[in-house]
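*Asks:* From the sequence below, what's the structure:
(one chain, ligands or ions: 1)
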Amino acid sequence: MKSNPQSHQSLYRSIRHRYLLGVLIIAVLSTAAYYTLLSSLSDSESTAYIVNLSGRQRMLSQHIALDAHRIYDAMLAGSPASDELTSQMRRNIHDMEAANHKLSSGLLSENWTVDLSTPCREIYFGRMNLYARVDTYLNLAAMLLSSSRHKDAQLYFEQINNSSEQLLTDLNTAVNQYQLEGEQRLNRLENLELLVWITTLIALLLEIVFIFRPMLSIVYASLKAQTEALESLEEIVESRTLKLEISNKKLKDIATHDPLTKLRNRLTLESDIESLIGLSKTHQIHFALCMIDIDHFKHVNDSYGHQAGDYILQELALLLKQETREYDHIYRAGGEEFVLVLNRIDFKEATDKLERIRLAIQQNTFIYGDNIIPLTISAGIYHSNQFVLSKVHDIFRIADTALYAAKHAGRNCIRIAQRENDDISLAKESSTVDN
Ligand SMILES: Nc1nc2c(ncn2[C@@H]2O[C@H](COP(=O)(O)OP(=O)(O)OP(=O)(O)O)[C@@H](O)[C@H]2O)c(=O)[nH]1
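*Replies:* Residues are numbered from 1 along each chain as shown. Here you go, the predicted model:
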(Lines give C-alpha, C1' and ligand atoms only; values in the text may rest on other atoms or scores of the structure.)
Protein backbone atom coordinates (compact mmCIF):
# COMPACT_ATOMS: atom_id res chain seq x y z
CA MET A 1 0.00 0.00 0.00
CA LYS A 2 1.28 3.42 -0.90
CA SER A 3 0.81 6.26 1.58
CA ASN A 4 -1.13 9.12 0.02
CA PRO A 5 0.39 12.50 1.00
CA GLN A 6 -2.34 14.41 -0.89
CA SER A 7 -5.16 12.83 1.10
CA HIS A 8 -3.20 13.47 4.33
CA GLN A 9 -2.81 17.15 3.37
CA SER A 10 -6.49 17.62 2.54
CA LEU A 11 -7.45 15.87 5.81
CA TYR A 12 -5.10 18.17 7.71
CA ARG A 13 -6.50 21.26 5.90
CA SER A 14 -10.10 20.24 6.55
CA ILE A 15 -9.45 19.65 10.27
CA ARG A 16 -7.44 22.88 10.58
CA HIS A 17 -10.23 24.99 8.97
CA ARG A 18 -12.91 23.51 11.14
CA TYR A 19 -10.80 23.83 14.24
CA LEU A 20 -9.98 27.50 13.50
CA LEU A 21 -13.65 28.27 12.83
CA GLY A 22 -14.62 26.63 16.12
CA VAL A 23 -11.96 28.58 18.02
CA LEU A 24 -13.00 31.85 16.30
CA ILE A 25 -16.64 31.42 17.28
CA ILE A 26 -15.67 30.68 20.89
CA ALA A 27 -13.38 33.74 20.91
CA VAL A 28 -16.17 36.02 19.58
CA LEU A 29 -18.67 34.68 22.09
CA SER A 30 -16.35 35.01 25.05
CA THR A 31 -15.41 38.57 23.98
CA ALA A 32 -19.11 39.46 23.73
CA ALA A 33 -19.74 37.95 27.18
CA TYR A 34 -16.77 39.90 28.57
CA TYR A 35 -18.00 43.27 27.26
CA THR A 36 -21.55 42.57 28.37
CA LEU A 37 -20.31 41.88 31.86
CA LEU A 38 -18.08 44.96 31.81
CA SER A 39 -20.90 47.19 30.63
CA SER A 40 -23.22 45.61 33.17
CA LEU A 41 -20.79 46.34 36.01
CA SER A 42 -20.21 49.92 34.88
CA ASP A 43 -23.96 50.56 34.46
CA SER A 44 -24.86 49.14 37.83
CA GLU A 45 -22.08 51.24 39.39
CA SER A 46 -23.28 54.51 37.76
CA THR A 47 -26.93 53.66 38.55
CA ALA A 48 -26.13 53.11 42.21
CA TYR A 49 -24.07 56.32 42.30
CA ILE A 50 -26.81 58.47 40.71
CA VAL A 51 -29.60 57.04 42.88
CA ASN A 52 -27.42 57.64 45.91
CA LEU A 53 -26.57 61.20 44.80
CA SER A 54 -30.19 62.17 44.11
CA GLY A 55 -31.22 60.74 47.48
CA ARG A 56 -28.50 62.79 49.13
CA GLN A 57 -29.68 65.90 47.26
CA ARG A 58 -33.16 65.32 48.60
CA MET A 59 -31.79 64.93 52.12
CA LEU A 60 -29.61 68.09 51.78
CA SER A 61 -32.68 70.16 50.79
CA GLN A 62 -34.26 69.22 54.14
CA HIS A 63 -31.05 69.91 56.02
CA ILE A 64 -30.80 73.34 54.44
CA ALA A 65 -34.46 74.10 55.33
CA LEU A 66 -33.73 73.06 58.90
CA ASP A 67 -30.52 75.14 58.98
CA ALA A 68 -32.52 78.15 57.68
CA HIS A 69 -35.02 77.68 60.53
CA ARG A 70 -32.30 77.60 63.13
CA ILE A 71 -30.50 80.65 61.75
CA TYR A 72 -33.72 82.61 61.49
CA ASP A 73 -34.75 81.57 65.02
CA ALA A 74 -31.34 82.71 66.31
CA MET A 75 -31.85 86.05 64.59
CA LEU A 76 -35.29 86.39 66.17
CA ALA A 77 -33.74 85.64 69.55
CA GLY A 78 -31.22 88.39 68.95
CA SER A 79 -28.19 86.15 69.17
CA PRO A 80 -26.03 85.39 66.12
CA ALA A 81 -26.05 81.83 64.78
CA SER A 82 -23.20 79.68 65.91
CA ASP A 83 -20.19 79.25 63.63
CA GLU A 84 -20.80 75.56 63.59
CA LEU A 85 -24.34 76.08 62.26
CA THR A 86 -23.31 78.57 59.58
CA SER A 87 -20.40 76.44 58.35
CA GLN A 88 -22.63 73.34 58.33
CA MET A 89 -25.22 75.20 56.24
CA ARG A 90 -22.49 76.48 53.91
CA ARG A 91 -21.22 72.91 53.47
CA ASN A 92 -24.74 71.65 52.78
CA ILE A 93 -25.32 74.42 50.20
CA HIS A 94 -22.02 73.57 48.53
CA ASP A 95 -22.75 69.82 48.45
CA MET A 96 -26.27 70.30 47.13
CA GLU A 97 -25.00 72.70 44.47
CA ALA A 98 -22.42 70.10 43.32
CA ALA A 99 -25.05 67.36 43.30
CA ASN A 100 -27.45 69.58 41.32
CA HIS A 101 -24.76 70.24 38.74
CA LYS A 102 -23.79 66.55 38.39
CA LEU A 103 -27.34 65.24 38.21
CA SER A 104 -28.54 67.80 35.69
CA SER A 105 -25.49 67.49 33.39
CA GLY A 106 -24.62 63.79 33.72
CA LEU A 107 -20.95 64.74 34.41
CA LEU A 108 -20.37 62.55 37.47
CA SER A 109 -16.61 63.12 37.49
CA GLU A 110 -13.89 64.17 35.06
CA ASN A 111 -13.87 60.80 33.26
CA TRP A 112 -17.30 59.57 34.18
CA THR A 113 -20.29 60.71 32.16
CA VAL A 114 -23.79 59.31 31.85
CA ASP A 115 -26.47 60.28 29.35
CA LEU A 116 -29.48 61.98 30.90
CA SER A 117 -32.75 60.36 29.90
CA THR A 118 -35.57 62.46 28.40
CA PRO A 119 -37.73 62.24 31.56
CA CYS A 120 -34.76 63.41 33.64
CA ARG A 121 -34.10 66.33 31.29
CA GLU A 122 -37.76 67.14 31.53
CA ILE A 123 -37.52 67.12 35.36
CA TYR A 124 -34.45 69.38 35.43
CA PHE A 125 -35.05 71.69 32.47
CA GLY A 126 -38.69 71.16 31.45
CA ARG A 127 -41.91 72.12 33.10
CA MET A 128 -40.70 71.19 36.58
CA ASN A 129 -37.51 73.22 36.02
CA LEU A 130 -35.85 71.53 38.98
CA TYR A 131 -32.32 72.65 38.13
CA ALA A 132 -33.18 76.37 38.28
CA ARG A 133 -35.41 75.94 41.31
CA VAL A 134 -32.67 74.13 43.24
CA ASP A 135 -30.31 76.90 42.17
CA THR A 136 -32.75 79.57 43.40
CA TYR A 137 -33.31 77.65 46.62
CA LEU A 138 -29.56 77.49 47.24
CA ASN A 139 -29.18 81.23 46.42
CA LEU A 140 -31.88 82.08 48.93
CA ALA A 141 -30.12 79.94 51.53
CA ALA A 142 -26.81 81.65 50.73
CA MET A 143 -28.39 85.06 50.94
CA LEU A 144 -30.03 84.16 54.28
CA LEU A 145 -26.62 83.19 55.56
CA SER A 146 -25.05 86.46 54.53
CA SER A 147 -27.94 88.75 55.38
CA SER A 148 -27.48 91.04 58.39
CA ARG A 149 -30.84 92.82 58.24
CA HIS A 150 -33.72 91.16 59.94
CA LYS A 151 -36.21 92.15 57.27
CA ASP A 152 -34.15 90.63 54.45
CA ALA A 153 -33.58 87.49 56.45
CA GLN A 154 -37.29 87.14 57.07
CA LEU A 155 -37.98 87.46 53.34
CA TYR A 156 -35.40 84.81 52.40
CA PHE A 157 -36.50 82.51 55.17
CA GLU A 158 -40.15 82.70 54.16
CA GLN A 159 -39.27 82.00 50.52
CA ILE A 160 -37.14 79.01 51.60
CA ASN A 161 -39.88 77.81 53.87
CA ASN A 162 -42.56 78.16 51.21
CA SER A 163 -40.59 76.39 48.50
CA SER A 164 -38.93 73.64 50.56
CA GLU A 165 -41.90 71.29 50.70
CA GLN A 166 -42.63 71.34 46.98
CA LEU A 167 -38.91 71.14 46.25
CA LEU A 168 -38.66 68.06 48.45
CA THR A 169 -41.57 66.46 46.59
CA ASP A 170 -39.98 67.23 43.20
CA LEU A 171 -36.54 66.05 44.34
CA ASN A 172 -38.25 62.85 45.44
CA THR A 173 -39.75 62.56 41.96
CA ALA A 174 -36.22 62.82 40.57
CA VAL A 175 -34.99 60.11 42.95
CA ASN A 176 -37.85 57.84 41.91
CA GLN A 177 -37.13 58.51 38.24
CA TYR A 178 -33.46 57.60 38.71
CA GLN A 179 -34.43 54.45 40.59
CA LEU A 180 -36.88 53.49 37.87
CA GLU A 181 -34.34 54.07 35.11
CA GLY A 182 -31.70 52.12 37.03
CA GLU A 183 -34.01 49.16 37.42
CA GLN A 184 -34.95 49.31 33.75
CA ARG A 185 -31.29 49.46 32.75
CA LEU A 186 -30.44 46.50 34.99
CA ASN A 187 -33.37 44.55 33.55
CA ARG A 188 -32.11 45.26 30.05
CA LEU A 189 -28.64 44.09 31.01
CA GLU A 190 -30.04 40.95 32.59
CA ASN A 191 -31.91 40.24 29.37
CA LEU A 192 -28.77 40.93 27.36
CA GLU A 193 -26.74 38.57 29.53
CA LEU A 194 -29.43 35.91 29.11
CA LEU A 195 -29.32 36.47 25.37
CA VAL A 196 -25.51 36.12 25.31
CA TRP A 197 -25.73 32.96 27.39
CA ILE A 198 -28.39 31.40 25.15
CA THR A 199 -26.51 32.49 22.01
CA THR A 200 -23.33 30.92 23.39
CA LEU A 201 -25.10 27.65 24.11
CA ILE A 202 -26.71 27.60 20.67
CA ALA A 203 -23.40 28.46 19.01
CA LEU A 204 -21.64 25.66 20.91
CA LEU A 205 -24.40 23.24 19.94
CA LEU A 206 -24.10 24.28 16.28
CA GLU A 207 -20.32 23.91 16.54
CA ILE A 208 -20.77 20.38 17.84
CA VAL A 209 -23.22 19.50 15.06
CA PHE A 210 -21.56 21.26 12.14
CA ILE A 211 -17.89 21.45 13.10
CA PHE A 212 -16.70 19.01 15.76
CA ARG A 213 -18.92 16.04 14.86
CA PRO A 214 -18.02 16.14 11.14
CA MET A 215 -14.39 16.65 12.19
CA LEU A 216 -14.53 13.50 14.35
CA SER A 217 -16.23 11.63 11.51
CA ILE A 218 -13.46 12.64 9.11
CA VAL A 219 -10.75 11.57 11.55
CA TYR A 220 -12.60 8.34 12.36
CA ALA A 221 -13.11 7.54 8.66
CA SER A 222 -9.46 8.22 7.98
CA LEU A 223 -8.35 6.00 10.86
CA LYS A 224 -10.76 3.29 9.73
CA ALA A 225 -9.42 3.48 6.18
CA GLN A 226 -5.88 3.28 7.49
CA THR A 227 -6.71 0.31 9.71
CA GLU A 228 -8.45 -1.45 6.82
CA ALA A 229 -5.51 -0.74 4.54
CA LEU A 230 -3.17 -2.06 7.21
CA GLU A 231 -5.31 -5.16 7.70
CA SER A 232 -5.44 -5.85 3.98
CA LEU A 233 -1.68 -5.28 3.86
CA GLU A 234 -1.24 -7.75 6.70
CA GLU A 235 -3.49 -10.20 4.85
CA ILE A 236 -1.43 -9.78 1.69
CA VAL A 237 1.79 -10.24 3.64
CA GLU A 238 0.34 -13.27 5.43
CA SER A 239 -0.88 -14.85 2.20
CA ARG A 240 2.47 -14.13 0.50
CA THR A 241 4.33 -15.54 3.48
CA LEU A 242 2.12 -18.63 3.34
CA LYS A 243 2.74 -18.98 -0.40
CA LEU A 244 6.43 -18.51 0.20
CA GLU A 245 6.40 -21.13 2.93
CA ILE A 246 4.54 -23.53 0.63
CA SER A 247 6.99 -22.78 -2.20
CA ASN A 248 9.91 -23.27 0.16
CA LYS A 249 8.44 -26.55 1.35
CA LYS A 250 7.92 -27.63 -2.25
CA LEU A 251 11.45 -26.62 -3.12
CA LYS A 252 12.75 -28.46 -0.08
CA ASP A 253 10.66 -31.48 -1.04
CA ILE A 254 12.00 -31.33 -4.58
CA ALA A 255 15.55 -31.05 -3.26
CA THR A 256 15.20 -33.80 -0.68
CA HIS A 257 12.70 -36.24 -2.25
CA ASP A 258 12.55 -38.41 -5.32
CA PRO A 259 9.72 -37.18 -7.56
CA LEU A 260 8.79 -40.68 -8.83
CA THR A 261 8.51 -42.65 -5.60
CA LYS A 262 8.17 -39.67 -3.20
CA LEU A 263 10.85 -41.31 -1.09
CA ARG A 264 13.72 -39.31 0.40
CA ASN A 265 16.71 -39.02 -1.90
CA ARG A 266 20.44 -39.52 -1.45
CA LEU A 267 20.95 -35.94 -0.22
CA THR A 268 18.86 -36.49 2.91
CA LEU A 269 20.28 -39.97 3.33
CA GLU A 270 23.78 -38.63 3.92
CA SER A 271 22.74 -36.04 6.52
CA ASP A 272 20.45 -38.56 8.29
CA ILE A 273 23.29 -41.07 8.55
CA GLU A 274 25.54 -38.37 10.05
CA SER A 275 23.12 -37.92 12.97
CA LEU A 276 22.63 -41.67 13.38
CA ILE A 277 26.39 -42.09 13.67
CA GLY A 278 26.38 -39.49 16.47
CA LEU A 279 23.54 -41.23 18.36
CA SER A 280 25.19 -44.62 17.94
CA LYS A 281 28.43 -43.29 19.42
CA THR A 282 27.05 -41.29 22.35
CA HIS A 283 24.03 -43.38 23.39
CA GLN A 284 24.82 -46.79 21.89
CA ILE A 285 21.65 -46.56 19.81
CA HIS A 286 22.28 -48.91 16.92
CA PHE A 287 21.05 -48.78 13.36
CA ALA A 288 21.27 -50.82 10.21
CA LEU A 289 21.78 -49.54 6.68
CA CYS A 290 20.49 -51.86 3.95
CA MET A 291 21.51 -51.28 0.34
CA ILE A 292 18.76 -52.78 -1.87
CA ASP A 293 19.05 -53.23 -5.66
CA ILE A 294 16.42 -54.69 -8.01
CA ASP A 295 17.69 -57.71 -9.89
CA HIS A 296 17.80 -57.49 -13.67
CA PHE A 297 15.80 -54.29 -13.76
CA LYS A 298 17.09 -53.54 -17.22
CA HIS A 299 15.24 -56.66 -18.31
CA VAL A 300 11.98 -55.27 -16.82
CA ASN A 301 12.40 -52.05 -18.81
CA ASP A 302 13.33 -53.88 -21.95
CA SER A 303 10.52 -56.43 -21.74
CA TYR A 304 7.59 -54.31 -20.43
CA GLY A 305 8.64 -50.77 -21.24
CA HIS A 306 10.08 -47.88 -19.25
CA GLN A 307 6.67 -46.93 -17.82
CA ALA A 308 6.31 -50.43 -16.42
CA GLY A 309 9.76 -49.94 -14.87
CA ASP A 310 8.57 -46.71 -13.25
CA TYR A 311 5.47 -48.49 -11.98
CA ILE A 312 7.62 -51.23 -10.43
CA LEU A 313 9.79 -48.61 -8.70
CA GLN A 314 6.68 -46.94 -7.19
CA GLU A 315 5.16 -50.27 -6.13
CA LEU A 316 8.40 -51.38 -4.55
CA ALA A 317 8.56 -48.09 -2.59
CA LEU A 318 5.03 -48.76 -1.24
CA LEU A 319 5.90 -52.31 -0.33
CA LEU A 320 9.02 -51.22 1.54
CA LYS A 321 6.92 -48.72 3.49
CA GLN A 322 4.44 -51.42 4.45
CA GLU A 323 7.21 -53.71 5.63
CA THR A 324 8.96 -51.13 7.82
CA ARG A 325 8.17 -49.27 11.01
CA GLU A 326 7.29 -45.58 11.29
CA TYR A 327 10.72 -44.64 12.57
CA ASP A 328 12.59 -46.56 9.86
CA HIS A 329 13.50 -44.54 6.77
CA ILE A 330 13.48 -45.50 3.13
CA TYR A 331 15.47 -43.67 0.43
CA ARG A 332 15.78 -43.99 -3.28
CA ALA A 333 19.53 -43.74 -3.66
CA GLY A 334 19.40 -43.59 -7.47
CA GLY A 335 18.21 -45.67 -10.44
CA GLU A 336 16.81 -48.99 -9.18
CA GLU A 337 18.74 -48.76 -5.91
CA PHE A 338 17.02 -48.19 -2.55
CA VAL A 339 18.44 -47.71 0.95
CA LEU A 340 16.61 -48.82 4.04
CA VAL A 341 17.72 -47.38 7.39
CA LEU A 342 16.39 -49.35 10.35
CA ASN A 343 16.55 -47.36 13.57
CA ARG A 344 17.04 -48.68 17.13
CA ILE A 345 17.50 -52.24 16.03
CA ASP A 346 19.97 -54.93 16.98
CA PHE A 347 22.00 -56.93 14.55
CA LYS A 348 19.84 -60.07 14.54
CA GLU A 349 16.55 -58.22 14.23
CA ALA A 350 17.95 -56.17 11.33
CA THR A 351 19.10 -59.19 9.30
CA ASP A 352 15.84 -61.04 9.97
CA LYS A 353 13.82 -58.06 8.91
CA LEU A 354 15.77 -57.56 5.69
CA GLU A 355 15.37 -61.21 4.86
CA ARG A 356 11.61 -60.96 5.44
CA ILE A 357 11.49 -57.96 3.11
CA ARG A 358 13.43 -59.82 0.43
CA LEU A 359 10.98 -62.69 0.72
CA ALA A 360 7.94 -60.39 0.65
CA ILE A 361 9.15 -58.81 -2.59
CA GLN A 362 9.81 -62.15 -4.15
CA GLN A 363 6.33 -63.33 -3.20
CA ASN A 364 4.51 -60.12 -4.19
CA THR A 365 2.60 -60.05 -7.45
CA PHE A 366 3.52 -57.00 -9.53
CA ILE A 367 0.84 -56.54 -12.19
CA TYR A 368 1.28 -53.99 -14.93
CA GLY A 369 -1.38 -54.02 -17.63
CA ASP A 370 -1.82 -57.66 -18.64
CA ASN A 371 1.59 -58.62 -17.37
CA ILE A 372 2.62 -60.16 -14.11
CA ILE A 373 6.17 -59.03 -13.55
CA PRO A 374 8.31 -61.20 -11.28
CA LEU A 375 10.69 -59.22 -9.09
CA THR A 376 13.55 -59.98 -6.74
CA ILE A 377 16.09 -57.89 -4.95
CA SER A 378 19.64 -58.26 -3.72
CA ALA A 379 20.74 -56.46 -0.57
CA GLY A 380 23.84 -55.70 1.49
CA ILE A 381 23.48 -54.84 5.14
CA TYR A 382 25.66 -52.80 7.46
CA HIS A 383 25.01 -52.78 11.23
CA SER A 384 26.52 -50.15 13.55
CA ASN A 385 27.50 -52.59 16.32
CA GLN A 386 29.75 -54.50 13.90
CA PHE A 387 32.04 -51.55 13.02
CA VAL A 388 33.51 -48.48 14.62
CA LEU A 389 32.97 -46.19 11.65
CA SER A 390 32.35 -42.49 11.77
CA LYS A 391 32.25 -41.58 8.07
CA VAL A 392 29.14 -41.85 5.94
CA HIS A 393 31.24 -42.60 2.93
CA ASP A 394 32.82 -45.67 4.63
CA ILE A 395 29.42 -47.00 5.68
CA PHE A 396 28.10 -46.69 2.12
CA ARG A 397 31.21 -48.40 0.81
CA ILE A 398 30.82 -51.33 3.21
CA ALA A 399 27.09 -51.75 2.51
CA ASP A 400 27.78 -51.48 -1.21
CA THR A 401 30.43 -54.18 -0.98
CA ALA A 402 27.92 -56.44 0.77
CA LEU A 403 25.38 -55.73 -1.98
CA TYR A 404 27.94 -56.48 -4.64
CA ALA A 405 28.61 -59.77 -2.87
CA ALA A 406 24.89 -60.58 -2.94
CA LYS A 407 24.78 -59.89 -6.67
CA HIS A 408 27.88 -61.94 -7.16
CA ALA A 409 26.32 -64.81 -5.22
CA GLY A 410 23.59 -65.05 -7.82
CA ARG A 411 21.13 -62.29 -6.73
CA ASN A 412 17.83 -62.57 -4.73
CA CYS A 413 19.79 -62.81 -1.48
CA ILE A 414 21.23 -60.62 1.23
CA ARG A 415 24.77 -60.32 2.47
CA ILE A 416 25.90 -58.99 5.86
CA ALA A 417 29.05 -57.00 6.30
CA GLN A 418 30.94 -58.31 9.37
CA ARG A 419 34.25 -57.32 10.94
CA GLU A 420 36.72 -60.19 11.27
CA ASN A 421 40.34 -59.48 12.15
CA ASP A 422 39.99 -55.93 10.85
CA ASP A 423 38.84 -57.15 7.46
CA ILE A 424 35.33 -57.11 6.21
CA SER A 425 33.89 -60.54 5.79
CA LEU A 426 30.56 -61.15 4.26
CA ALA A 427 28.36 -63.61 6.06
CA LYS A 428 26.00 -65.51 3.91
CA GLU A 429 22.57 -64.81 5.31
CA SER A 430 20.32 -65.89 2.52
CA SER A 431 21.29 -67.83 -0.52
CA THR A 432 18.02 -68.06 -2.34
CA VAL A 433 18.86 -67.57 -5.95
CA ASP A 434 16.21 -67.01 -8.51
CA ASN A 435 17.67 -67.01 -11.96
N1 LIG B 1 11.96 -47.23 -15.72
C2 LIG B 1 13.03 -46.74 -15.12
N3 LIG B 1 14.22 -47.32 -15.26
C4 LIG B 1 15.31 -46.85 -14.65
C5 LIG B 1 15.23 -45.74 -13.84
N6 LIG B 1 16.48 -45.47 -13.34
C7 LIG B 1 17.31 -46.44 -13.83
N8 LIG B 1 16.61 -47.29 -14.63
C9 LIG B 1 17.08 -48.45 -15.37
O10 LIG B 1 17.60 -49.46 -14.49
C11 LIG B 1 18.44 -50.29 -15.23
C12 LIG B 1 19.63 -50.67 -14.43
O13 LIG B 1 20.29 -51.66 -15.17
P14 LIG B 1 21.65 -52.29 -14.74
O15 LIG B 1 22.48 -51.27 -14.02
O16 LIG B 1 22.23 -52.92 -15.89
O17 LIG B 1 21.23 -53.34 -13.66
P18 LIG B 1 20.21 -54.53 -13.73
O19 LIG B 1 19.63 -54.71 -15.04
O20 LIG B 1 19.20 -54.30 -12.62
O21 LIG B 1 21.05 -55.77 -13.33
P22 LIG B 1 21.67 -56.09 -11.96
O23 LIG B 1 21.59 -54.94 -11.09
O24 LIG B 1 23.06 -56.49 -12.18
O25 LIG B 1 20.83 -57.22 -11.40
C26 LIG B 1 18.76 -49.53 -16.51
O27 LIG B 1 18.11 -50.15 -17.61
C28 LIG B 1 18.20 -48.13 -16.29
O29 LIG B 1 17.73 -47.54 -17.51
C30 LIG B 1 13.98 -45.10 -13.70
O31 LIG B 1 13.82 -44.12 -13.01
N32 LIG B 1 12.95 -45.66 -14.34
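*Asks:* Near residue 178, how many other residues are there?
*Replies:* Neighbour count for residue 178, taken as other Cβ atoms under 10 Å: 23. Every C-beta, even on glycine, is put in place using the N, C-alpha and C of the backbone.
*Asks:* Also residue 146?
*Replies:* There are 12 residues near residue 146, going by other Cβ under 10 Å.
*Asks:* you'd agree residue 327 is in a helix?
*Replies:* No - read with DSSP: H, G, I helix; E, B strand; the rest coil, residue 327 is coil and lies in no helix.
*Asks:* That one is in contact with residue 344, isn't it?
*Replies:* Yes - between residue 327 and residue 344 a contact is recorded at 7.0 Å, counting by Cβ atoms under 8 Å.
*Asks:* More neighbours: which of the two?
*Replies:* residue 344 (14 against 10).
*Asks:* List the contacts of the residue nearest to the more buried one when sequence neighbours are not counted.
*Replies:* Closest residue to residue 344 apart from its sequence neighbours, by Cβ to Cβ, 6 or more residues apart in numbering: residue 285 at 5.8 Å. By Cβ atoms under 8 Å, 6 or more residues apart in numbering, the residues touching residue 285 are 276, 279, 343, 344.
*Asks:* So the first one versus residue 351, what's the distance?
*Replies:* It refers to residue 276. Going from residue 276 to residue 351 by Cβ to Cβ, to the nearest Å gives 18 Å.
*Asks:* you'd agree residue 32 is up against residue 193?
*Replies:* No - in terms of Cβ under 8 Å, residue 32 does not count as a neighbour of residue 193; the distance is 10.4 Å.
*Asks:* where are the low-confidence patches of the protein?
*Replies:* Along the chain, the model assigns pLDDT under 70 to residues 1-4, 420-435.
*Asks:* again, only this time at 50
*Replies:* Along the chain, segments meeting pLDDT under 50 span 1, 421-423, 430-435.
*Asks:* Nearest residue to whatever residue of it ends up closest to the ligand in space, please, no chain neighbours.
*Replies:* Closest approach between the chain and the ligand, counting by Cβ to the nearest ligand atom: residue 309, at 2.5 Å. Of all residues not flanking residue 309 in the chain, residue 301 sits nearest, at 4.2 Å (Cβ to Cβ, 6+ apart).
*Asks:* quick one: the strands in this protein?
*Replies:* In the chain, strands defined by DSSP state E lie at 107-109, 112-113, 287-294, 329-334, 337-343, 366-368, 371-373, 377-383, 414-420, 423-428, listed in chain order.
*Asks:* Can you give the contact residues for the first one?
*Replies:* For strand 107-109, the surrounding residues in contact (Cβ under 8 Å, 6+ apart) are 46, 49, 50, 53, 101, 102, 113, 114.
*Asks:* swap the cut-off to 10 Å and go again
*Replies:* 45, 46, 49, 50, 53, 101, 102, 113, 114 (Cβ atoms under 10 Å, 6 or more residues apart in numbering).
*Asks:* Tell me, how many residues neighbour the second one?
*Replies:* By other Cβ under 10 Å, 17 other residues sit near residue 46.
*Asks:* One more: the third one?
*Replies:* Residue crowding around residue 49 was assessed by other Cβ under 10 Å; the count is 17.
*Asks:* cool, and the last one?
*Replies:* The burial metric for residue 114, expressed as a neighbour count using other Cβ under 10 Å, is 20.
*Asks:* For it, grab phi and psi.
*Replies:* phi -130, psi 150 (degrees, to the nearest 10).
*Asks:* tell me the contacts of it?
*Replies:* Taking Cβ under 10 Å, 6+ apart as the test, what residue 114 contacts is 42-43, 46-47, 49-50, 102-103, 105-108, 120, 181, 185.
*Asks:* Name the member of these with the most neighbours.
*Replies:* residue 103 (27 neighbours).
*Asks:* Tell me which residue of the protein is furthest from the middle?
*Replies:* What lies farthest from the middle of the chain is residue 78; by Cα atoms, centre = their mean that is 99.9 Å.
*Asks:* where does that residue fall, phi/psi-wise?
*Replies:* The phi/psi pair for residue 78 (degrees, to the nearest 10) reads phi 80, psi 10.
*Asks:* List the contacts of it.
*Replies:* Residue 78 touches residue 150, counting by Cβ under 10 Å, 6+ apart.
*Asks:* What distance do you get for it to residue 150?
*Replies:* Distance from residue 78 to residue 150, by Cβ to Cβ: 10 Å.
*Asks:* Do a quick rundown of the helices in this protein.
*Replies:* 5-77, 83-105, 118-125, 130-146, 150-207, 213-256, 266-283, 297-304, 306-323, 347-363, 392-408 (DSSP state H).
*Asks:* And these: which comes nearest residue 337?
*Replies:* helix 392-408 (8.3 Å; Cβ to Cβ).
*Asks:* in the closest one, what's buried?
*Replies:* Neighbour counts over helix 392-408 (16 or more other Cβ atoms under 10 Å) mark 392, 395-396, 398-407 as buried.
*Asks:* can you narrow those residues to ones near the ligand?
*Replies:* Near the ligand, judged by Cβ under 6 Å from any ligand atom, the entries from those are residue 407.
*Asks:* Would you mind giving the buried residues of helix 392-408 as CSV with distance to residue 214 added?
*Replies:* What follows is the buried residues of helix 392-408, written out as CSV (distance: Cβ to Cβ, whole Å):
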residue, distance to residue 214
392, 74
395, 79
396, 78
398, 85
399, 81
400, 83
401, 88
402, 87
403, 84
404, 88
405, 91
406, 89
407, 89
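*Asks:* circling back: and of the helices of the chain, who's closest to residue 372?
*Replies:* Closest approach to residue 372 among the helices of the chain is made by helix 297-304 (10.2 Å; Cβ to Cβ).
*Asks:* what about residue 14, neighbour count?
*Replies:* 15.
*Asks:* roughly how far apart are it and residue 218?
*Replies:* Per Cβ to Cβ, residue 14 is found 6 Å from residue 218.
*Asks:* Domain parsing of the protein, as residue ranges.
*Replies:* 5-221, 266-428 (automatic domain parsing).
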